[in-house]
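Trainee: based on what follows, work out the 3D shape:
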Amino acid sequence: MKTFVRSIVLSFVAVSAIALTGCSKKDDVPVEIDGQLVEILPSGGSFKGGVVSQSSAASRAVIDAGHTRDLKVAFARIDQKSETDATYPAYSTVAAALPATWTKGFTAANATAISFDVPQYYLTRVTNNNTKLVGWYPHLTANTFSSGEVSIAVDGANDIMLTQELEGNKDAATAFGVTGKIFNFKHKLALLKFRVYAKDSAAVKNGYGKLKAITLKKQLATCKIVLPGDQAGQVTFDYAAAPDPEDMDMVKKAADSTDKAITYPLGLPVLTVTDNGDGTSTTKKNDVECGYALIAPVDASGKVSVAIETELGGTKEVDLTLPKDASSNVLGFEAGKAYNIVLCFTTTGIDPTATITEWIKADDIEIEL
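Mentor: Residues are numbered from 1 along each chain as shown. Predicted structure coming up:
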């Protein structure tokens, strides 16, 4: 699958001098250049898409070049302890994460701003003035950040992205945004896009009728981002943070920039065979989109089962075929990849197939701070 990466460049803007709340020592106040403070102010470049949270009021299901609402992200920040102490505190000591806003209206030719909701500034110290940042999506909600950990629900509709940890300071050569200081927001879930059709009219009339619902069985319901606890630590991501798997309803919306609701019960289109008049025929599945789900990755040792409810056939449970990536030879549903799940309804059963497709024109989102 192709990966489309787009950069978001952070500019450093001089603003009028402002005193930071909570700064008690001279070397903890923001850096001044020619008597002015330097604010960390990201700006957003063009963006080509990716499924994001529907649960946040300041977002929509799919973000693309036609994005019309602000997008909320969050960062955690730690600073070197003092001019004589180059070590960092653990992220578990951070009282709160830093929400940031990605302004609406980006297009292929126009950049819009990403800014911290509470302005952030570099330290004034000449030595040991480094800052570390790590970011994630979705934006903070109640009780999601505590003791250096971020807990996020995996609900099928909610994309989850995480950056690596980066270190920078006020100096031009080592500031966020230069080579090697680029935050890369990576999707941590797999996107399943469901489509349906019937092999013949008998399957519809005598077997199933209309589609009522699709439920993914025993999916991991929570994930956890664990920020480093010491100097050698790494940002880790735990998909199995929930004690028990839970059933997940498929999202009955289009997995594209329209965010269009799909009307249910949904009629099953019937496969057609057209005689070309030259001894050949053309077969069309006529399959239609019926929804999507974002799930924790599934490797070759796992499985994904779906319960399919129809008007006439009741509820039937089937296992999805695990696809194999031709380029990586990896079997399963991988993070950051999208899959077309096509369900064929026949008089004898429901036949599922899975193929790798594009993730709404984007896989990773790069942000330069």
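
Trainee: now G207, what's its secondary structure?
Mentor: What DSSP: H, G, I helix; E, B strand; the rest coil gives for G207 is helix.

Trainee: can you report how many residues lie near it?
Mentor: G207 sits with 19 neighbouring residues when counted by other Cβ atoms under 10 Å. For every residue, glycine as well, the C-beta is placed using N, CA and C.

Trainee: quick one: it from T310, how far?
Mentor: 8 Å (Cβ to Cβ, to the nearest Å).

Trainee: do T282 as well
Mentor: Counting by Cβ to Cβ, the separation of T282 from T310 is 28 Å.

Trainee: neighbour-wise, which of the two wins?
Mentor: Taking other Cβ under 10 Å, T282 and T310 do not tie; T310 has more neighbours (22 against 9).

Trainee: the more buried one: what's it in contact with?
Mentor: Shown here is T310, whose contacts under the criterion Cβ atoms under 8 Å, 6 or more residues apart in numbering are 207-212, 316, 345.

Trainee: if we go to 6 Å?
Mentor: Counting by Cβ atoms under 6 Å, 6 or more residues apart in numbering, T310 touches 208-209, 211-212.

Trainee: excluding chain neighbours, what is closest to it?
Mentor: What sits nearest to T310 in space, not counting adjacent residues and going by Cβ to Cβ, 6 or more residues apart in numbering, is Y208, at 4.0 Å.

Trainee: ok, that neighbour touching L312?
Mentor: Yes: judged on Cβ atoms under 6 Å, Y208 makes contact with L312 at a distance of 5.4 Å.

Trainee: the two - which one has more neighbours?
Mentor: Each of Y208 and L312 has its neighbours counted (other Cβ under 10 Å); Y208 has more, 24 against 11.

Trainee: number of residues surrounding the nearest residue to L211 once chain neighbours are set aside?
Mentor: The shortest distance from L211 to any non-neighbouring residue, by Cβ to Cβ, 6+ apart, is to L266 (4.4 Å). L266 has 19 neighbours, counted by other Cβ under 10 Å.

Trainee: distance of G209 relative to S151?
Mentor: Separation of G209 from S151 (Cβ to Cβ): 41 Å.

Trainee: re the thing from before, roughly how far apart are the residue nearest to L211 and K210?
Mentor: 6 Å.

Trainee: and stretch 167-187, average pLDDT?
Mentor: Computed over stretch 167-187, the mean pLDDT rounds to 76.

Trainee: please enumerate the strands of the stretch 151-300 of the chain.
Mentor: Listed in chain order, the strands of the stretch 151-300 of the chain (DSSP state E, counting those that start in this stretch) span 161-162, 166-168, 182-187, 190-198, 211-219, 222-226, 236-238, 246-249, 272-275, 281-284, 288-295.

Trainee: show me the shaky parts of the stretch 151-300 of the chain.
Mentor: 177-178, 231-232, 240-243, 257 (pLDDT under 70).

Trainee: for the nearest residue to K324 once chain neighbours are set aside, give me phi and psi.
Mentor: Nearest non-adjacent residue to K324, counting by Cβ to Cβ, 6+ apart: L331, 4.8 Å away. L331 has phi and psi values of phi -100, psi 130 when expressed as degrees, to the nearest 10.

Trainee: how many neighbouring residues does L331 have?
Mentor: Neighbours around L331, by other Cβ under 10 Å: 14.

Trainee: which residues touch it?
Mentor: Counting by Cβ under 6 Å, 6+ apart, L331 touches 300, 322, 324.

Trainee: can you do 10 Å?
Mentor: Under the criterion of Cβ atoms under 10 Å, 6 or more residues apart in numbering, the neighbours of L331 are 298-301, 322-325.

Trainee: could you work out the most separated pair of these?
Mentor: S301 and D325 (16.2 Å; Cβ to Cβ).

Trainee: give me the more crowded residue out of the two.
Mentor: Ranked by neighbour count (other Cβ under 10 Å), S301 and D325 place D325 first, with 13 against 8.

Trainee: ok, now how distant is the more buried one from A190?
Mentor: 12 Å.

Trainee: which residue, neighbours along the chain excluded, lies closest to D244?
Mentor: A221 (7.7 Å).

Trainee: for the protein, just list every one of the helices.
Mentor: Using DSSP state H, the helices of the chain run over 201-202.

Trainee: domain parsing for this protein?
Mentor: 10-189+364-368, 190-221+243-357 (automatic domain parsing).

Trainee: looking at those domains, which is nearest to T236?
Mentor: The closest of the domains of the chain to T236 is domain 10-189+364-368. By Cβ to Cβ, the value is 9.7 Å.

Trainee: neighbours around T163, how many?
Mentor: 22.
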